[in-house]
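Asks: Everything below, folded, please.
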Amino acid sequence: HHPARNRLRDVGAVVVFDERQWAGAWQPVRPDTASHAGNGRVGAERTGARVGERFPDLAFVNAEGRRSHVGALRGKTVVVHLWGAWCPPCRQEMPELAELHATMQSDPRVAFVILQVREPIAVSRRWAAERGVRLPLADSGTDADESRLRRADDKRIEDRELADVFPSTWVLDARGRVVFAQRGPLHGWPAYV
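Replies: A predicted model of the protein is given here:
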């Protein structure tokens, strides 16, 4: 067991967790400005879905029916999750993600943006309701024929530019930078509290 590399791992049926190392894993990552020149300006910050990049400012309609965007949540730790009821690994993961949300929903420093991809929000919400999965499902505005997510500036970004597989999850720091990225399902979400 090397604590610097094995902050959280599964050994048989037991989760091994090194609490001393965990806090350091969530510190904001500062990208090398020389290698992330963004839009040609020296020192500009790169936008993207990799650790150290500023996550795209996706627009959505929140679970209460109000328009919002990822940038409006700056100052909070934000969990952004892309999923679909059509996706078997997504469906399998949702109950554990709901457990994580239930544990953290009362913390005003944390926000969840759970966006459906490639299906209407009504399909996603119906699937969750039928299975008793309680999550604040936001509407990405996509449907079965639309794979482009809307940004706050009304431009579109292909969902596959962010995620090559579904589900995909990112944790953003208070400045909107990616500090954790998970492509594919992650089991043991409640351990991440």
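Asks: secondary structure element for the residue most central in space within the chain?
Replies: Central residue of the chain (CA atoms, centre = their mean): Val80, 2.3 Å from the mean position. In this assignment (DSSP states H and E), Val80 forms part of strand 77-83.
Asks: I'd assumed Asp57 was in contact with the residue nearest to the centre of the chain.
Replies: No: Val80 lies out of contact with Asp57 (CB atoms under 8 Å); the separation is 11.0 Å. No exception for glycine: its C-beta is placed from N, CA and C like everyone else's.
Asks: which neighbours do those two share?
Replies: Val70 (CB atoms under 8 Å, 6 or more residues apart in numbering).
Asks: quick one, longest helix in this protein?
Replies: helix 88-104 (DSSP state H).
Asks: Next, the angle helix 88-104 makes with the following helix or strand past that helix.
Replies: Counting by DSSP H and E, the next helix or strand C-terminal to helix 88-104 is strand 110-116. Our comparison of strand 110-116 with helix 88-104, counting by axes from the mean of the first three to the mean of the last three CA atoms, to 10 degrees, yields an angle of 160 degrees.
Asks: Buried ones in the following helix or strand past strand 110-116, by neighbour count?
Replies: Counting by DSSP H and E, the element after strand 110-116 in chain order, helix or strand, is helix 121-130. Across helix 121-130, burial judged by 16 or more other CB atoms under 10 Å covers Ile121, Val123, Ser124, Arg125, Trp127, Ala128.
Asks: Can you tell me which helices and strands helix 121-130 packs against?
Replies: Packing partners of helix 121-130 (3 or more CB pairs under 8 Å, 6 or more residues apart in numbering; DSSP states H and E): strand 137-138.
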